[in-house]
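Asks: Give the three-dimensional model of this entry:
(2 chains)
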Amino acid sequence: MSNYTDELVDFDVALEKYDPVLGFEVHVELNTKTKMFSDAPNAFGDDPNTNVTPVDLGLPGVLPVVNKTAVEYSILIGLALNCQIAERCGFARKNYFYPDTPKNFQTSQYDDPIAFDGWLDVELEDGEIFRVEIERAHMEEDAGKLTHMGGASGRIQGADYSLVDYNRAGVPLVEIVTKTIEGAGKRAPELAKAYVAAVREIVKNLGVSDAKMERGNVRCDANVSLMLKGADKFGTRTETKNVNSLRAVEHAVHFEIERHAAVLDSGAKIVQETRHWHEDTRSTTSGRPKSDADDYRYFPEPDLVPIVTTAEWVEELRSRLPEPPADRRKRLKADWGYADKEFRDVVNAGVLDEIEATIAAGTSAAVARKWWMGEIARLAKAADKEIADLGVTPETIVELNSLIAEKKINDKIARLVLEYVVDGEGKPTEIVAKRSLAVVNDDDALGKAVDDAMAAMPDVVEKIKGGKMQAIGALMGPVMKATRGQADAGRVREIVIEKLGL
Amino acid sequence: MVNNLVSDLIRLSATELAAKLRAGDVTSVVAVQAHLDRIAEVDGALNAFLHVNAEEALAVAAEVDAIRAAGGAEAEALHPLAGVPIAIKDLIVTKGQPTTAASKMLEGWMSPYDATVIEKIRAAKLPMLGKTNLDEFAMGSSTEHSAYGVTRNPWNLDRIPGGSGGGSAAAVASFEAPLALGTDTGGSIRQPGAVTGTVGVKPTYGGVSRYGAIAMASSLDQIGPVSRTVLDSAHLQELIGGHDPKDSTSLPKTLEGLVAAAESGATGDLKGLRIGVITELQGEGYQAGVQARFEESLELLKGAGAEIVEVSCPNLKYALGAYYLIMPSEVSSNLAKFDGVRYGNRVLPEDGALTIERVMGATRAAGFGDEVKRRIILGTYALSAGYYDAYYGSAQKVRTLIQRDFDAAFAQADVLVSPTAPTVAFELGANDNDPLAMYLNDVATIPANLAGIPGITVPGGLSEDLPVGIQFLAPAFEDARVYRAGAALEALLEKSWGHTLISQAPAIDSASIAPKA
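Replies: Below you'll find the predicted structure:
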């Protein structure tokens, strides 16, 4: 805690003096049916300690067996990240005592990752491409989940006791490690977010991970250091662990840059350590000091034989690669006919899939964009959520659109219905029925409202009769009031014209 | 009369007993009961068994008897060894019986699953008599390092029965069981076999599934048979061997022809077989009596038509050193799981905070014996950053050199031969303060584990009234060769003596030993 400081240096000021250097370790949980080394189900959300076999509990006498699908998924990730695939690689044991690790060692790849030396082109918000070099992507197993009971912080310090759930122990992970990333400058936080988004997009597109950050399917450790402009030696880095949303990645890098600058400006040194990210305060606090004294006593896993990847196997997997997201974007932009800025906004908002699905379900490209980038984006901003997390589906939009087309609701009510969808009230049709929101186009009811309005405003009627058709607008107010806003304006206009015999 | 029959029954080989069972001359229940009675009679003195599984063994025996009595397809389909009782080294996990690895750490622990070899034994319906004693977690060469008391050598109750599998060897040598399972990491089947006058085989690495054998050193461990005759071991290895999808290191192909090789060897005809005498595994460091029995065996083999050649494996002088780096390194990692969190004993620190580190520490301090701790500390050190290359790394290089030495030797010879152990059974407590002296007892057996090749020990006679073992080694996958050579020497020796060696074992004087503490 020696360098703990509440002081921050303003981001722009910090970047005038320092260059940020970044590095990311992204853990991707694979969505294989079974675990990395056992045939226990790889499933989220089940009762604690139900998805376990003797192997997952590290019982005496058990042995691991490598999940071939997990290896294939790992190779697919490597190929999608433009990596070389090792012809021969293996696992090692990373030895450390911790109760979430049933064997007290983690079986992980160490000095021979299955994929190495790749790159990923990351598109920033303004369309600029930033190439991130990939050091390696290696396979390992996840640990169990500890829940610390009692104590204020939910952390192990101060807890009365801890519970452990081994359902997650042994879930296959691929850890993607970048080389050091220089030159991002002020765009470092933005690049951080865009990089993790791009990785998430790739693994989702490959179908090898559910890629839900809120479930921990994709977890990012962000390394940040600062070096004086013009310096040729990297500064000391900190590693902010388990930053689990895109916005948090951006904020964490932003925060660490401001904090590092304050520490360095004060003449103190950055301590190499892990940092904990706090979403509530959007800040980090000191975690465990990381030093060379950490000795995991790695050695080759003697219970497993090496994995040999033949050229035929790798090429067969390469042929299975889906269209890369960047190529897909190029194609969709052309298909949909959006302008550059329109399309970039759609990409940045992360609703490409949603719009594609909405169009596939029968909506026009323009209407799909109008909804996702308009009202839905506004609701997301108001709720401080990612658009994708609002609970609005392409089906919601299709349903709203057909309700409008059938003149059951108007645009204004459609927006209201959408809000109720976000609030979790159900599907649009259900909400319209439940809340009696259907547009009044019942001619009897409308006719009466129109008669009342015309009777109340004889001067307006005279103007209409005299050919001033825009005067019909003046009748709308009372008609809408009488129908509580649910009148179909077009139909009202037609009724007025009919009644006046025009 | 009945007593005579029963005492004869326990002296039969497994193959002979199996034939009598198949012929209907005797029932499995009677055979199992005879062995249980023998255990009751002598195990108070020997302490070969940590757990006797009488009820289940008799139930399995009764099941076999019922199937045989009913006849038909089900009786036809019975395994040839069905109904023949077997003892299990307590390092191999079994449902329904405790598995302790002779450690306090696992006192009272019941495995929820069976080892693959146990599944095969259950499927073949061999009644399991119980679990046999060993050095804690198989670490030792004397069975003195068991948390549950020493096992004594049936030939001389003041002597060690070898280790780590002293319990299985003593049980078979004392007619408590005709068959047993052992595990061999550096000689734990063969050295006890040698010092108790029994037969034991370490198969080719991967020949038998390790799934369910509590790991000591994963790259060296191998389950194998313990018996009184070479043919019995061949039958048992054929039963327990074969590929297991649960063990990634198990061989894709089953090693075949073991029984046939043993039968062919028993004719005593070794014409055309080239037998290599390893220069480095004889002479200096080997007791004169051991060396004498070894040389007599060579003469008999030569007389049977074998060609004896001298081969040199110069790197074997580094084998013990390499073994005592690789084995403890793997031990330090394999035994990390014993922390009191999930199973086994949990020991709380006597004072101070109940943090997880302190509970794990107290559990391991109380649960492990000195020899286990010694090896964990050695291995942790050998794998440490800055020492890894010098220790673990160098040891792996030596391992490769030893494999090359064997490759070269097997270019000149079909099998290699040596004494199994440099000495006869030493006295209990003789090496209490000198672990290195105990380690030296495995000097001739360790190379096979480092190279992954098969090895057998057969009784080679007596020295100081104690058994001497002769070891044959063969190239990987050529387990049949050690059975052929072993069976030949067994037959030649028995012919020259006019009896089996084990028949010369003295009666066990239970009264001479105070009941175990």
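Asks: Every contact and neighbour count from this point should use C-alpha atoms.
Replies: Fine.
Asks: Now do the SS call for the residue in chain A that chain B sits nearest to.
Replies: Of all residues in chain A, A:Gly61 sits closest to chain B, at 3.9 Å by C-alpha to the nearest C-alpha. Classification of A:Gly61 using DSSP: H, G, I helix; E, B strand; the rest coil returns coil.
Asks: Can you pull the poorly scored residue ranges out of the chain?
Replies: Going with chain A. By pLDDT under 70, the low-scoring segments of chain A are A:1-6, A:153-154, A:289-293, A:440-442.
Asks: Wait, chain B was what I had in mind.
Replies: B:1-6, B:512-517.
Asks: What residues does it have near chain A?
Replies: With C-alpha under 8 Å from any C-alpha of the partner chain as the criterion, chain B meets chain A at residues B:92-93, B:112-113, B:115, B:210-215, B:218-219, B:245-249, B:333-334, B:336-337, B:341-343, B:356, B:380, B:383-385.
Asks: Just the buried ones from those residues?
Replies: With burial judged by 16 or more other C-alpha atoms under 10 Å in any protein chain shown, the buried subset of the residues of chain B next to chain A is B:92-93, B:113, B:115, B:210-215, B:218-219, B:246-249, B:333-334, B:336-337, B:341, B:343, B:356, B:380, B:383-385.
Asks: In helices, which of these fall?
Replies: Among those, the members found in helices (DSSP state H) are B:333-334, B:356, B:380.
Asks: Show me what secondary structure element comes after the host helix or strand of B:Ala260.
Replies: Assigned by DSSP states H and E, B:Ala260 belongs to helix B:258-265. Downstream of helix B:258-265, the first helix or strand assigned by DSSP H and E is strand B:274-278.
Asks: what residues does that following strand touch?
Replies: B:306-313, B:409, B:412-418 (C-alpha atoms under 8 Å, 6 or more residues apart in numbering or on different chains).
Asks: In the residues you listed, which residue is surrounded by the most others?
Replies: B:Val417 (28 neighbours; other C-alpha atoms under 10 Å in any protein chain shown).
Asks: can you pull the contacts of the closest residue to it other than its chain neighbours?
Replies: In space, and not counting its chain neighbours, B:Val417 is closest to B:Phe472: 4.6 Å by C-alpha to C-alpha, 6 or more residues apart in numbering or on different chains. Residues near B:Phe472 by C-alpha under 8 Å, 6+ apart: B:415-418, B:455-457, B:482, B:485-486.
Asks: ok, now with 10 Å
Replies: B:201, B:275-277, B:415-420, B:454-458, B:481-486, B:489 (C-alpha atoms under 10 Å, 6 or more residues apart in numbering or on different chains).
Asks: Could you report the distance from it to chain A?
Replies: Per C-alpha to the nearest C-alpha, to the nearest Å, B:Phe472 is found 26 Å from chain A.
Asks: do B:Leu300 as well
Replies: 41 Å.
Asks: That residue falls within a helix, correct?
Replies: Yes: under three-state DSSP, B:Leu300 falls within a helix.
Asks: State the number of residues packed around it.
Replies: 17.
Asks: Leaving aside the residues adjacent along the chain, what's closest to it?
Replies: Nearest non-adjacent residue to B:Leu300 (C-alpha to C-alpha, 6+ apart): B:Leu492, at 6.7 Å.
Asks: phi, psi of the residue of chain A closest to chain B?
Replies: Backbone torsions of A:Gly61, given as degrees, to the nearest 10, read phi 90, psi -10.
Asks: sorry, back to before: where helices are concerned, which of the contacts of B:Phe472 count?
Replies: Among these, the members falling in helices (DSSP H) are B:481-486, B:489.
Asks: okay if I get these as CSV plus neighbour count and distance to A:Leu22?
Replies: Shown next, in CSV, are these (neighbours: other C-alpha atoms under 10 Å in any protein chain shown; distance: C-alpha to C-alpha, whole Å):
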residue, neighbour count, distance to A:Leu22
B:Arg481, 25, 61
B:Val482, 31, 61
B:Tyr483, 34, 63
B:Arg484, 30, 66
B:Ala485, 34, 66
B:Gly486, 31, 66
B:Leu489, 29, 70
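Asks: which element is A:Val164 on?
Replies: strand A:161-165.
Asks: which outside residues touch that strand?
Replies: A:47-52, A:99-101, A:143-151, A:154-156, B:341-342, B:354-356.
Asks: To what extent is A:Leu206 buried, counted in neighbours?
Replies: Quick note: A:Leu206 (other C-alpha under 10 Å) scores 20 neighbours.
Asks: Check B:Pro454 too.
Replies: Other residues close to B:Pro454 by other C-alpha under 10 Å number 27.
Asks: do A:Gly207 as well
Replies: Neighbour tally, A:Gly207, other C-alpha under 10 Å: 17.
Asks: got the contact list for it?
Replies: Contacts of A:Gly207 (C-alpha under 10 Å, 6+ apart): A:30-32, A:73, A:76, A:201, A:321-322.
Asks: For B:Thr500, state which of these is nearest.
Replies: Set against B:Thr500, the nearest of those by C-alpha to C-alpha is A:Thr32 (58.2 Å).
Asks: Is that closest one in contact with A:Asn42, as I believe?
Replies: Yes: the criterion here is C-alpha atoms under 10 Å, and A:Thr32 meets it with A:Asn42 at 6.6 Å.
Asks: Give the intersection of the neighbour lists for the two.
Replies: Joint contacts of A:Thr32 and A:Asn42 (C-alpha under 10 Å, 6+ apart) are A:171-172.
Asks: Correct me if wrong, but B:Tyr439 is in a strand.
Replies: No: according to three-state DSSP, B:Tyr439 belongs to no strand; its state is helix.
Asks: Could you verify my assumption that it touches B:Leu320?
Replies: Yes: taking contacts as C-alpha under 10 Å, B:Tyr439 lies within contact range of B:Leu320: 8.0 Å.
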